[in-house]
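Sharing a model prediction with you, sequence too.
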Protein chains: 2
Amino acid sequence: MSKRGRPRDFDYSSIVDVAMKTFWINGYEGCSTQNLCSDTGLGKGSLYNTFGSKHELYKQVLERYHENGIRDQKEILENPISVKERLSNFFAWALEEDFKHTDHKGCLLINAGLERANHDPMVEEIVSKHVELLLQALERVMEEGLRTGEIKKRQSAVDLASLFLSSYYGLRVLITSIQNRTLAEQVINGTMESIFGA
Amino acid sequence: MSKRGRPRDFDYSSIVDVAMKTFWINGYEGCSTQNLCSDTGLGKGSLYNTFGSKHELYKQVLERYHENGIRDQKEILENPISVKERLSNFFAWALEEDFKHTDHKGCLLINAGLERANHDPMVEEIVSKHVELLLQALERVMEEGLRTGEIKKRQSAVDLASLFLSSYYGLRVLITSIQNRTLAEQVINGTMESIFGA
DNA sequence: TAATTTTTGTACTGATTGTTACAATAATAA
DNA sequence: TTATTATTGTAACAATCAGTACAAAAATTA
């Protein structure tokens, strides 16, 4: 009694994935519903019947990106290896994310935040939540590093986490805007040295 | 013989300033030529007669923003006071830039870079140039700090400059996406401590 | 004044925007 | 089979997009 009528012949989840890439490449204002239809293969009927609006589809995309992202980031940061290795892995993961794709670049949440967080409360909310969770995870890592003595600095965990966070986002912005691997490696080097150096 | 015909009754420079704000608030794709006309007070005839296209006006805006920006930044970084004060002033300047406006936020060049650098060579070029010049200015400051002993770390000037650069861009992204002054101050604190701390 | 040159506003272009209407289609439940 | 329900593709919607055509207006030069 629950599922009468013609079943849809596409996979909801796959559509969100494809739409993610389309929004990623073009931004929200920069891509049309026509683009979304041709990229996903859906007709307008199906797209609007399923998602209701371009904005709602965008929301689904951002929520998924956030959930996948914070999962991956936590996995890296909570791995029971040395703190230095964890942070190093975190940077390596970001670097790979940014250089493995040739058509879309950077962190989708940053792109969305800069394009729309000011006028779009939905975007603001998701980005805020993500940053908050990431910052908390980083603080826990820094606390552990300070406790075990792996980090010898006399800085607070909060300050260290904030430094790392901003450096990380700055790195992704720089990579996205100007494709420069050397600079990226210098940023990573400079940040790691600042935390673990003499 | 040089200026015959009806003179324009608006100031080119002022128009670029107004257009800058319009692009800043809405992004490139997010604002229409209609928006630009109503904000500047120009008719379409005047706007297209003067600038030729939306894209050309955007270029004028970005070039002016870049020139003004790098001028201000260099002025702060080359001020003959202590290196620590200079970098502190630099952060204070960024903080003020981001919090003094309520309608438009962040660094226009970052916004432009993330929205368009990938498909628009003009944008990529201006952003690259700006980052390069800023990085050079930062390197000179770090070299001076290392030479005078004000910076006691054993990091290279390049690494220190890269760290500061990414942290600075990360800061501006964070402020733009999530309005959080406390986090901003933690970022600044964390970065300054990393460079000048024990 | 008259000829010349540029600016200005208005109307308009074809294309595209996000969204809706709806009939044909295809499945299930009875 | 028949009734029901959801999905699908197509056509269309008013609104807006970037850009153009052009004549009226306003200045200069002669």
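Looks like it arrived, so ask away. Residues are numbered from 1 along each chain as shown, chains lettered A, B, ... in the order given.

From now on I want contacts and neighbour counts done on CA atoms only, so please keep to that.
Will do.

Tell me how far A:Phe90 lies from B:Leu134.
Between A:Phe90 and B:Leu134 the computed distance is 26 Å (Cα to Cα, to the nearest Å).

Could you do A:Asn68 as well?
Shown here: A:Asn68 relative to B:Leu134, a distance of 34 Å by Cα to Cα.

Give me the more crowded residue out of the two.
Just comparing A:Asn68 and B:Leu134: by other Cα atoms under 10 Å in any protein chain shown the higher neighbour count belongs to B:Leu134, 19 against 11.

Would you mind extracting the C-alpha trace of the strand or helix carrying A:His55 into CSV?
Under the criterion DSSP states H and E, the helix or strand holding A:His55 is helix A:54-77. Coordinates of the C-alpha atoms in helix A:54-77 are reproduced here as CSV (Å, rounded to 0.1, in the frame of the first residue of the first chain):
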residue,chain,number,x,y,z
LYS,A,54,16.8,24.3,-8.0
HIS,A,55,17.4,25.7,-4.5
GLU,A,56,16.2,22.5,-2.8
LEU,A,57,18.4,20.4,-5.0
TYR,A,58,21.3,22.7,-4.1
LYS,A,59,20.5,22.2,-0.4
GLN,A,60,20.6,18.4,-0.9
VAL,A,61,23.9,18.7,-2.6
LEU,A,62,25.5,20.9,0.1
GLU,A,63,24.2,18.7,2.9
ARG,A,64,25.6,15.6,1.3
TYR,A,65,28.9,17.3,0.7
HIS,A,66,29.0,18.5,4.3
GLU,A,67,28.2,15.0,5.7
ASN,A,68,30.7,13.2,3.5
GLY,A,69,33.3,15.8,4.1
ILE,A,70,33.1,16.0,7.9
ARG,A,71,33.1,12.1,8.0
ASP,A,72,36.3,12.0,6.0
GLN,A,73,37.9,14.7,8.0
LYS,A,74,37.1,13.2,11.3
GLU,A,75,38.3,9.8,10.2
ILE,A,76,41.7,11.4,9.4
LEU,A,77,41.9,13.4,12.6
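
Which neighbouring elements make contact with the helix or strand following it?
Tracing the chain past helix A:54-77, the next element assigned as helix or strand by DSSP H and E is helix A:83-100. Applying 3 or more Cα pairs under 8 Å, 6 or more residues apart in numbering or on different chains; DSSP states H and E, we find helix A:83-100 packed against helix A:54-77, helix A:121-148, helix A:157-177, helix A:181-196.

DNA strand D: which of those is closest?
Ranking the helices and strands packed on helix A:83-100 by their distance to DNA strand D (criterion: Cα to the nearest atom of the strand) puts helix A:54-77 first, at 14.0 Å.

Would you tell me which residues of chain A are close to DNA strand D?
By Cα under 7 Å from any atom of the strand, the part of chain A that sits against DNA strand D consists of A:3-10, A:42-46, A:49-50.

Quick one: which of those residues has the lowest pLDDT value?
Of all these, A:Lys3 carries the smallest pLDDT score, 67.

sorry, back to before: okay, angle between the helix holding A:His55 and helix A:83-100 too, please.
Angular relation of helix A:54-77 and helix A:83-100 on a 0 to 180 degree scale: 140 degrees, by axes from the mean of the first three to the mean of the last three Cα atoms, to 10 degrees.

which residues are contacting helix A:54-77?
Identification of contacts with helix A:54-77 by Cα atoms under 8 Å, 6 or more residues apart in numbering or on different chains yields A:16-17, A:19-20, A:23, A:28, A:33, A:51, A:86-87, A:89-90, A:108-109, A:122-123, A:126-127, A:130, A:133-134, A:137-138, A:141.
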